[in-house]
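Chemist: Sequence plus predicted model, see below.
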Amino acid sequence: MDFNMQATSVSPLLEILQSAPNLEEIYYPNIVQFTSPYENPARVVFKNIIYNGSMSLNRLTSLKIDTFLRNEDLYTLAERNLPLKSLQLTLTPGIGCDDLYELLYSVEHTLEALTFTFRDGYRLCKRFPHLENLRNMSVIVWNGYLENLAEIKRLTNLVVILMEVEMDMICSGNGGGNFAEKSEIKQLEIHAVPKGAESLVIKTIRLSPWNLRRLTIDHATDQYLRVIFRSLRLLEELLILYGDWSETGLTGIPKAHCKPEIVHKEFYAMGLKEYPGITDLKNLRNLILAGVMTDISLILGVTKCRTIRSLELVARSCSKVSLNY
């Protein structure tokens, strides 16, 4: 689409930008689909920010614009030396590793939050600056190597949305081990996992730092729970927003023994536990659990977690027996 047509449609906004040199935050989502991803209102705004020499924006600390970029855009943005603390960008295969590196290097000392949206199979390069103050990172349609993130020493919160990473990218070389051993991540969120990517989620959980403190996950199965309860025993907060798990997955008691009458024989029932269960999370303080709640799940699972201080259960029904506990 013609640049001038696009510029006309956002001209009032551009006038505001010109008259507001002290702006600290700019957020422009590209919520409309255009014929050309490189010529749309969001890109017009972005181009005026980085190429307009008369627009100083010396106080701009947050830039979040969803539009396709070219290498020269990244280079020019890096040259602006903006004091960015928060940055949100869309990455496409046309973006070169060197230009992305130079942009991140230019904000190495200021950046605290970073969001990448991956498009058309873009793969995050292995080369990464230290980003010494980066604490929060979100990756949308994630496609990259975990070992990159282990080098970001202060990164404590990682959000993964719609994982599409290939298995070899998780396990490449010693990268997975390095991530688990070196990463300082304390909070991990995994959202919108497509069908067929369950094994990637399990692998990511297994490779997460053993001292992870908070895990948020959209959907959990018995297999997910078993890995969580075995690998992340120092969890203090577990948020499961939707569940397709069973009594066995939550309690660790084999299915053959999960009969209604065992809730009245608690000591005996706990001796039947063969697999990791929620009671293995000895530091759990905050639990949000969604799924089919049964007496066995609640009485032999949740109520045995004596350290819980905040509890939210999302269930369609709950028996009077469970409520008495």
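Modeler: Looks like it arrived, so ask away.
Chemist: For I296, see how far away the spatially closest residue to L313 that is not a sequence neighbour is.
Modeler: Closest residue in space to L313, ignoring its immediate chain neighbours: L289 at 5.6 Å, by C-beta to C-beta, 6 or more residues apart in numbering. Glycine gets a C-beta too; all of them are placed from N, C-alpha and C. According to C-beta to C-beta, to the nearest Å, L289 and I296 sit 14 Å apart.
Chemist: just N157 next, same as before
Modeler: Using C-beta to C-beta, one gets 34 Å for the distance from N157 to I296.
Chemist: now Y242
Modeler: Distance from Y242 to I296, by C-beta to C-beta: 20 Å.
Chemist: again, but for L60
Modeler: Distance of L60 to I296, computed by C-beta to C-beta: 55 Å.
Chemist: same check, this time on L63
Modeler: Distance from L63 to I296, by C-beta to C-beta: 51 Å.
Chemist: same thing with N52?
Modeler: Noted for N52: a distance of 64 Å to I296, by C-beta to C-beta.
Chemist: Those two: which has the busier surroundings?
Modeler: I296 (22 against 13; other C-beta atoms under 10 Å).
Chemist: all helices in this structure, in order from the N-terminus.
Modeler: Using DSSP state H, the helices of the chain run over residues 3-9, 11-18, 41-51, 71-80, 97-106, 146-150, 167-171, 175-182, 198-206, 222-231, 247-251, 266-270, 295-299, 320-323.
Chemist: Of all these, which one is nearest H257?
Modeler: helix 266-270 (7.4 Å; C-beta to C-beta).
Chemist: and that closest one, how far out from the chain's middle?
Modeler: In this view, helix 266-270 has its centroid 38 Å away from the chain centroid, taken as C-alpha atoms, centre = their mean, to the nearest Å.
Chemist: Equivalent analysis for stretch 301-316, please.
Modeler: 24 Å.
Chemist: Show me what counts as buried in it.
Modeler: By neighbour count on 16 or more other C-beta atoms under 10 Å, the buried set for stretch 301-316 is G301, V302, K304, C305, I308.
Chemist: For these, name the two members farthest from one another.
Modeler: Longest distance between any two of the buried residues of stretch 301-316 is 11.2 Å, between G301 and I308; criterion C-beta to C-beta.
Chemist: Against F229, how distant is the nearest residue to P209 once chain neighbours are set aside?
Modeler: Closest residue to P209 apart from its sequence neighbours, by C-beta to C-beta, 6+ apart: S183 at 5.0 Å. Noted for S183: a distance of 20 Å to F229, by C-beta to C-beta.
Chemist: can you pull the buried residues of stretch 250-269?
Modeler: L250, T251, G252, I253, H257, C258, I262, V263, A269.
Chemist: which one in the residues you listed is the model shakiest on?
Modeler: Across those, the bottom pLDDT score, 75, is held by A269.
Chemist: How about the contacts made by it?
Modeler: If you count contacts by C-beta atoms under 8 Å, 6 or more residues apart in numbering, A269 has them with I253, H257, I262, V263, L300.
Chemist: Columns distance to L207 on top of those residues, output as a markdown table?
Modeler: Formatted as a markdown table, the contacts of A269 follow (distance: C-beta to C-beta, whole Å):
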| residue | distance to L207 |
| --- | --- |
| I253 | 28 |
| H257 | 32 |
| I262 | 35 |
| V263 | 36 |
| L300 | 30 |
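Chemist: How about G243: which residues does it bridge to?
Modeler: On the basis of DSSP bridges, G243 is bridged to A220.
Chemist: That one against I217, yeah?
Modeler: No. Here G243 does not reach I217: they are 9.6 Å apart, not a contact under C-beta atoms under 8 Å.
Chemist: what residue is smack in the middle of the chain?
Modeler: Central residue of the chain (C-alpha atoms, centre = their mean): V159, 1.1 Å from the mean position.
Chemist: picking that back up, now do the residue nearest to P209: how many residues are near it, please.
Modeler: One way to gauge burial is a neighbour count; for S183, by other C-beta under 10 Å, it gives 24.
Chemist: what does stretch 111-121 contact?
Modeler: With contact meaning C-beta under 8 Å, 6+ apart, stretch 111-121 is reached by 64, 66, 68, 84-93, 104, 124, 131, 133-144, 164.
Chemist: Just the ones in strands from those residues, please.
Modeler: Of the contacts of stretch 111-121, the ones assigned to strands by DSSP state E are K64, S86, L87, Q88, L89, T90, L91, N136, M137, S138, V139, I140.
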